[in-house]
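Colleague: fold the following and give me the result.
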Amino acid sequence: MPGLIGYVDNGHGRDPHTLLPRMARALEPEERFKIDCYGGDGVGLGRVSLGILNPQPQPLWNEDQTLCLVMEGELYDTADLEQELIRRGHHFTVNNDAELVLHLYEEYGGDFPLKVNGPFAAAIWDVRAKKLVIANDRLGLQPTYYAFVDGSLIFGAGMRAVLADTAVPRLIDHIALAQFLTYDHCLHDRTFVDAVRLLPPGSLLTWQAGDFTIKPTWRPRQPLQYELIDEHDWIDMTAAAMHTAVKRQSGARQPSGDPLRLGMLLSGGLDSRYLLALLRDGLAPGDFHTFTWGIPNCDDARFAKEVAAKMGTTHHFYELRPDWLLGLADECVRRIDGMGNVVNLHARATLDQQAPYVDVIYKGFLGDAMAGFAQMHQHWADYDDDTRILAHLSVHRMQGVLTFEQAERDELFTPELRTAVGHAVWDTYKQGMDDSGSTLLADQRIYFDYRQRVPRQTLNGVEMVRAHTAVRLPFADNDLVDLFLRMPPGLRYERRMMRDAFIKSYADLAKIPVPNDGLPMINCARDVRIRAERLVRWQLHKSGFKGVSYMGKRPYKDYANWFRGPLRPWLEETLLAKRHLERGYYNPDVVRRLVQAHMSGQADHTIKLGAMMSIERWHRQFIDHP
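Modeller: Alright, predicted model coming up:
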């Protein structure tokens, strides 16, 4: 995916003319990406981009050539900021987001991220002070990885770009592996390589004189005491904030003056449906493309098609083929540096077909986590400290995002790996909850999702799409996020405020069923008909007609059977290969049993096998053949 690359050298003689191109091609090897690089005395900065947003060449310099900047991302509602800076004596010549950030840094220093709204990562080299500053947005939506080696700092939008510097050691972080095999993502700043870390969301990294510091610029915080506001007012505030968030991200033109071609990944669920309704409600008129993929005639495909027809979009459906991973898995694993389960990366599967139609794709990213998807009944109680963490784990288990339980890890891991990991999987999870600073379990989980699940797992789907088109994420709008942080947990339960705001604004769209339960979101004739049909089917099933399904859910994916079918030779070649079984991480007999139990249908180990596949395919690309 696009992003930044660079380094500051602490007297080790790195050559920017060889290292920066190598880092850029490690990040994105395809020729279609635009590469901007600058090499100076002991410093190299670069940007790899699609050339869609802020396409002007970089780096940018200030008027006296003392500050040099590269930036990737997009900012919204910038007109007032520009006018304020002009009144303070700043001059704009390029008139893009990168130039705005450069002037903001001149004016406000390390506090500038608090002024902007939108996903970004920026690296600024101060020539006089010989200081490098790297900043990101509040949610870390433009990832930046870094390594600190012998006083030098190497950074990039992917771990693979950092590893292009041969001075970075490739020792495996066993705790990160164990975290990934437990929660389906790594925690905090860890990666599979011990020397490489992820810059936390909402952070400012400063390197100077062979040392560096990281300080937070923003953290999600709920109030110590919530306001008592009428529910109807919360619904109206939610609807207003949603409209503002989408409006902020609905404009922009190409340098030629032509409008950007817009589209959306439309799942048929609440989040993308709400965004599409707002975009088509006067904010994005004209031709608009919607894309849905899945198993033909799945619930997502049927409901999304109906929504698209009501919204008047040019709709496209693409089959999610059972064997799509055979040709694209290694590319996907490379793009997320192994730290994403292969069974969750299907956003990549049909991008080659979607990208020719659009410049920008909207996604419903963050809508579930922000609005209360993870709020469960276990959160409404006080427990002793250990039981509190067990309650959190039980919610993860209910949501199907616990991969290997502790007893299963103990059986799977070799004694050496168990010793290396110790209690870190539990301790780092607990820390992720404790960092919230809240005593309310519901607020602890929301904080955990903002700081862990969203940037370390959910963002993977965004990264897949960013490699082909620009992406906009209206749910990540600052004001919308702040509103939901102020909302009492009980109103977030079952995403009630988001759901009620949508129903109030778009009742006709709420009559179309949603994939999670196959029912409309409001009481209507269609809801009665579906429930009556299910009741009849249930009675027939109960009476002995076992071939009659009374729920009738049609999922958009079926990796369990795809692993047993067209993907089986590939999976077995990977997981049962000698080099995988002898890496020293796993008990080979346990791996064989997991594969055999899944293939025979005795158990569904889809998520477990998918996680191990990602780790092994990554090893083959970056450890076995660096």
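Colleague: got a list of contacts for the lowest-mean-pLDDT helix or strand in the chain?
Modeller: Between all helices and strands in the chain, the lowest mean by mean pLDDT, DSSP states H and E belongs to helix 525-542, at a mean of 90. Helix 525-542 is contacted from outside by 511, 513, 518-520, 548-552, using CB atoms under 8 Å, 6 or more residues apart in numbering. Placement of C-beta: from N, CA and C, glycine included.
Colleague: tell me what the next helix or strand after that helix is packed against?
Modeller: Following helix 525-542 in sequence order, the next helix or strand is helix 559-564 (DSSP states H and E). Applying 3 or more CB pairs under 8 Å, 6 or more residues apart in numbering; DSSP states H and E, we find helix 559-564 packed against helix 588-600, helix 606-622.
Colleague: one step back: most widely separated two among the contacts of helix 525-542?
Modeller: The span of these, defined through CB to CB, is set by 511 and 548 at 26.2 Å.
Colleague: okay, the two: which has more neighbours?
Modeller: residue 511 (18 against 15; other CB atoms under 10 Å).
Colleague: give me the pLDDT for the more buried one.
Modeller: pLDDT recorded at residue 511 is 98.
Colleague: quick one, what contacts residue 339?
Modeller: By CB under 8 Å, 6+ apart, the residues touching residue 339 are 176, 180, 185-186, 191-192, 456, 460, 614.
Colleague: in three-state terms, label it for me.
Modeller: Using DSSP: H, G, I helix; E, B strand; the rest coil, the secondary structure recorded for residue 339 is coil.
Colleague: out of the contacts of residue 339, who's nearest residue 361?
Modeller: residue 460 (15.2 Å).
Colleague: and the closest one, what does it touch?
Modeller: For residue 460, the residues meeting the contact criterion (CB under 8 Å, 6+ apart) are 336, 339-340, 344-345.
Colleague: which secondary structure element is home to it?
Modeller: Applying DSSP H and E as the criterion places residue 460 in helix 459-466.
Colleague: what do you get for residue 104?
Modeller: helix 97-108.
Colleague: pLDDT below threshold where in this structure?
Modeller: Counting by pLDDT under 70, the chain contains low-confidence residues at 252-257, 546, 550-551.
Colleague: mind splitting it into its structural domains?
Modeller: Per automatic domain parsing, the domain ranges recorded for the chain read 3-180+189-216, 229-518.
Colleague: as CSV, those domains with distance to residue 623 would be great.
Modeller: Output for those, formatted as CSV (distance: least, CB to CB, whole Å):
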stretch, distance to residue 623
domain 3-180+189-216, 6
domain 229-518, 10
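Colleague: the helices in the stretch 401-550 of the chain, which residues?
Modeller: Assigned by DSSP state H, counting those that start in this stretch, the stretch 401-550 of the chain shows helices spanning 406-412, 415-421, 424-434, 441-448, 459-466, 478-486, 489-492, 496-505, 507-510, 525-542.
Colleague: do you know which of these lies nearest residue 88?
Modeller: Closest approach to residue 88 among the helices of the stretch 401-550 of the chain is made by helix 478-486 (22.5 Å; CB to CB).
Colleague: by contact count, what packs against the closest one?
Modeller: Secondary-structure packing of helix 478-486 (3+ CB pairs under 8 Å, 6+ apart): helix 231-248, helix 367-371.
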